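K.L.:
After the sequence you'll find the predicted model.
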Amino acid sequence: SDYEVFRNASKNLTSEYIYGFIPNILNEKQWQTEGIDLLDYESRVSYGCKLLGYSEKQGCKP
């Protein structure tokens with residue numbers, strides 16, 4: 001389905017290794033180890049917090 005294609009693409013392109021073996025050329029601040037599921041609220045908020053430099057201790061959590 002389109003949902004799964006988009007979800008997998010967003011996670012693969014924003015993970016440490018693209019498709020599991022190609023090192024990501026993005027700045028470390030722009031990716032997460034498991035990638036970002038753009039269709040998942042918690043994943044988006046976690047990514048946004050990382051980009052802004054805030055931690056859960058500082059109140060940045062979904």
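P.N.:
In hand now; what should we look at?
K.L.:
Tell me which residue is most central in the chain.
P.N.:
For the chain, the residue nearest the mean C-alpha position is Ile36 (2.3 Å; Cα atoms, centre = their mean).
K.L.:
In contact with that residue, which residues?
P.N.:
Shown in contact with Ile36 (Cβ atoms under 8 Å, 6 or more residues apart in numbering): Ser10, Lys11, Thr14, Ser43, Arg44, Ser46, Tyr47. For glycine as for every other residue, the C-beta is placed from the backbone atoms N, C-alpha and C.
K.L.:
So which of these sit within helices?
P.N.:
Judged by DSSP state H, the contacts of Ile36 include Ser10, Lys11, Ser43, Arg44, Ser46, Tyr47 as members of helices.
K.L.:
Just the buried subset of these, written out for ChimeraX, thanks.
P.N.:
One line in ChimeraX is enough to select the buried ones among those; burial here means 16 or more other Cβ atoms under 10 Å:
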select :10,11,43,46,47
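K.L.:
Can you name the residues that contact the closest residue to Lys11 other than its chain neighbours?
P.N.:
Spatially, and ignoring its direct neighbours in sequence, Lys11 is nearest to Gly35 (3.4 Å; Cβ to Cβ, 6 or more residues apart in numbering). Taking Cβ under 8 Å, 6+ apart, we find Gly35 in contact with Ser10, Lys11, Asn12, Leu13, Thr14, Ser15.
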